[in-house]
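>>> Structure here, sequence nowhere to be found:
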């Protein structure tokens, strides 16, 4: 009977611990962090690993009132895309003070997005950079994230060509709703959680742009970020830790209602990145329609 007080105390502590545990909010990893997730109802064709190459993501930072952006940003980037058409995918984000719209024309249109602004603050402002610039694969080149155009090609070529994964995309557009279906297949193990990011971009947008001291009224803006379909990104499974030789399906949607986006000029860009380091492992792009 001498052990009975200890037993009673242990039982009471256990009940208290259990009560506290059950009363706490259950914290889940950032698996489905947005409300745009939908069911995957398409079939993807088989893909051979030997046909897959590693593609590189270039995130360009620009602004309509940036005098150097046409000649030091968009121009050199177009040349790089022409040289490496199957190796590079581009997303252009308008951000910073020079991207703030004016209350009157010609620079009254707002190209900014919260997603792009957050990345600009993280990868450009925090590094002491300015526009025009670009970040290659979210990796540092010569110690820096934001790079001027003279370093873009070297940074692209510095990325190893190991194929970690493939990303297949199927787009469906109906009743002003774009649904993006993805299948991500992994060929290598990755130690850290992997995040999928799915973006909508638009080409051939005609809008004024500063070019030096001149205003180009009918300037053609390309690769412009319009929206993220899945917020800051989503895990492909509950933990984010992927397995080698495994595939994951995920689908998201975005509404075109109340937007002036032209679906015929839009594309979907999907990429996967290391949540811990930010490094992009693979990227792919398809026309939205």
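Okay, I see it. Please read these numbers as outputs of a predicted model, since none were measured by experiment.
>>> Now do the buried residues in the helix or strand where residue 156 lies.
Assessed by DSSP states H and E, residue 156 sits inside helix 152-158. Judged by neighbour count using 16 or more other Cβ atoms under 10 Å, the buried positions of helix 152-158 are 152-153, 155-156. Any C-beta I mention is one placed from the backbone N, CA and C, and that applies to glycine too.
>>> Identify the residues contacting the nearest residue to residue 45 once chain neighbours are set aside.
Once flanking residues are discounted, residue 45 sits nearest to residue 168: 7.7 Å by Cβ to Cβ, 6 or more residues apart in numbering. Applying Cβ atoms under 8 Å, 6 or more residues apart in numbering, we find residue 168 in contact with 44-45, 47, 182-185, 284.
>>> who's in contact with the nearest residue to residue 208 once chain neighbours are set aside?
Leaving aside its sequence neighbours, residue 208 sits nearest to residue 106 (Cβ to Cβ, 6+ apart; 3.9 Å). Shown in contact with residue 106 (Cβ under 8 Å, 6+ apart): 208, 215, 217.
>>> need those in CSV with distance to residue 201, can you?
Output for those, formatted as CSV (distance: Cβ to Cβ, whole Å):
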residue, distance to residue 201
208, 20
215, 24
217, 23
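>>> Filter the residues you listed down to just the buried residues.
Taking 16+ other Cβ under 10 Å as the criterion, what is buried in the contacts of residue 106 is residue 208.
>>> now, which of the contacts of residue 106 sits nearest residue 39?
For the contacts of residue 106, the minimum distance to residue 39 (Cβ to Cβ) is 41.9 Å, reached by residue 208.
>>> re the thing from before, return the distance of the residue nearest to residue 208 relative to residue 216.
Per Cβ to Cβ, to the nearest Å, residue 106 is found 10 Å from residue 216.
>>> tell me, what's touching these two both at once?
residue 208.
>>> what's the closest of the contacts of residue 106 to residue 252?
Among these, and counting by Cβ to Cβ, the member closest to residue 252 is residue 208, at 32.3 Å.
>>> doesn't residue 64 make contact with that closest one?
Yes: Residue 208 lies in contact with residue 64 (Cβ atoms under 8 Å); the separation is 6.5 Å.
>>> what sits in contact with each of the two?
Residues touching both residue 208 and residue 64 by Cβ under 8 Å, 6+ apart: residue 107.
>>> Give me the buried positions along stretch 68-84.
Result for stretch 68-84 [16+ other Cβ under 10 Å]: buried residues 69-70, 72-74, 76-77, 80-81.
>>> okay, how far is it across that stretch, tip to tip?
23 Å (Cα to Cα, to the nearest Å).
>>> All the strands of the stretch 101-250 of the chain, residue numbers only.
For the stretch 101-250 of the chain, strands defined by DSSP state E, counting those that start in this stretch occupy the ranges 133-136, 165-174, 177-186, 194-202, 205-206, 209-211, 214-216, 220-221, 224-228, 234-235, 247-255.
>>> Could you look over these and pick the most buried one?
strand 133-136 (a mean of 28; mean count of other Cβ atoms under 10 Å).
>>> Who are the packing partners of that strand?
strand 56-62, helix 152-158 (3 or more Cβ pairs under 8 Å, 6 or more residues apart in numbering; DSSP states H and E).
>>> Quick one: mean pLDDT for that strand?
Mean pLDDT, computed over strand 133-136, is 98.
>>> Contacts for it, please.
56-61, 73, 77, 119, 123-124, 145-149, 152, 155-156, 159.
>>> Also stretch 269-284?
Residues outside stretch 269-284 that contact it (Cβ under 8 Å, 6+ apart): 54-57, 89, 91, 137-139, 163-169, 180, 182, 184, 190, 192-201, 233, 236, 240, 285.
>>> which parts of that stretch are buried?
For stretch 269-284, by 16+ other Cβ under 10 Å, it's 269-275, 278-284.
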